[in-house]
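Undergrad: model the structure of this input:
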Amino acid sequence: MVASGTTMYATAGHTYLATQPWMNWEVMAADEARDAADTFRTQIHLFDTNAPSAPRYVASGDVSGFLLNQFAMDEHAGHLRVASTTSPDGWGWSDDTESRVTVLSAT
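TA: Here you go, the predicted model:
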């Protein structure tokens, strides 16, 4: 797998790599950027790193919105919990923002 990663989270046995599609936000009109932000999705890829010499790709999934940083991901009981937002502070698209927690499982 080859991908650019914007956020990484790791545990003793797993590494999660979050990627976001590239968009040139600066050249978009305000309403176009607002619409794109409302439907934006972040992809997350899971790797098994129990054998550090040979990491193994396990699964991919996606969540609605943007991740603010690596603290937006947490693993609990084998499930990945992800906090995301539709309009990060300071981006100026809208005073309305939605935040959510999504739980992903590789089963």
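
Undergrad: where does the residue of the chain most remote from its centre land in three-state SS?
TA: Ranked by distance from the centre of the chain (Cα atoms, centre = their mean), the top residue is Ser53, with 25.6 Å. Using DSSP: H, G, I helix; E, B strand; the rest coil, the secondary structure recorded for Ser53 is coil.

Undergrad: against Leu17, how distant is it?
TA: From Ser53 across to Leu17, the span is 19 Å (Cβ to Cβ, to the nearest Å). Backbone N, C-alpha and C define where each C-beta goes, glycine included.

Undergrad: same check on Gln43?
TA: 9 Å.

Undergrad: please identify which of the two sits among more neighbours.
TA: Taking neighbours as other Cβ atoms under 10 Å, Gln43 and Leu17 compare with Leu17 leading, 19 against 16.

Undergrad: ok, residues contacting the helix or strand harbouring the more buried one?
TA: Assessed by DSSP states H and E, Leu17 sits inside strand 14-19. Contacts with strand 14-19, where a contact means Cβ atoms under 8 Å, 6 or more residues apart in numbering, come from 3-10, 42-49, 55, 58, 67, 73, 75, 80.

Undergrad: now those: which count as buried?
TA: The neighbour count (16 or more other Cβ atoms under 10 Å) marks 6-7, 9, 42-47, 49, 67, 73, 75, 80 as buried among the contacts of strand 14-19.

Undergrad: among these, name the ones in strands.
TA: When DSSP state E is applied, the buried ones among the contacts of strand 14-19 are split such that Thr7, Tyr9, Thr42, Gln43, Ile44, His45, Leu46, Phe47, Met73, Glu75, Leu80 fall in strands.

Undergrad: just name the closest of the residues you listed to Glu98, please.
TA: Thr42 (14.1 Å; Cβ to Cβ).
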